[in-house]
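[1] coords please:
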Amino acid sequence: QVQLVESGGGLVQAGGSLTLSCAASGRTFSYYTMAWFRQAPGKGREFVAAISWSGQITNYADSVKGRFTISRARDNAKNTVYLQMNSLKPEDTAVYYCAADTSLGLSPNEYHYWGQGTQVTVSS
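    Numbering: from 1, shown residues only. Below is the predicted model of the structure:
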């Protein structure tokens, strides 16, 4: 059974930092792109960042460039992807979702596997 489990969300003041984690299990995600999306209330799901299977290619939304960093680690049968979020702004408030698939896409429609989401709230 394929599972993506996010953790690390919470409440933080503007200017603060959080690190999100996503643990993937159930199949070999070593050759999958891993990505983060977010969805604010009343808005569509938007791309945040993605990292290739090798970890050598990353892609970021313009709104988070220079503030967020995506990385991945391989630990035995698990694949874990991280999203380090610095200089957080109130507009970063959203539910953050981890996703996985074979292509380095920017659209949520390109990702087949999804986690349940973790809430990030940034207070002003």
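[2] elements contacting the lowest-mean-pLDDT helix or strand in the chain?
    Lowest on mean pLDDT, DSSP states H and E among the helices and strands of the chain sits strand 68-75, with a mean of 87. Helices and strands touching strand 68-75, by 3 or more CB pairs under 8 Å, 6 or more residues apart in numbering; DSSP states H and E, are strand 33-39, strand 46-51, strand 58-60, strand 78-85. In short, each C-beta sits where N, CA and C put it, glycine included.
[3] the residue nearest the centre of the chain and residue 10: what is the separation?
    Centroid-nearest residue in the chain: residue 36, 2.5 Å away (criterion: CA atoms, centre = their mean). In this structure, residue 36 and residue 10 are 16 Å apart, going by CB to CB, to the nearest Å.
[4] surely the residue nearest to the centre of the chain meets residue 19?
    No. In this structure, residue 36 is not within contact of residue 19 by CB atoms under 8 Å, at 11.7 Å.
[5] many thanks, we can stop here.
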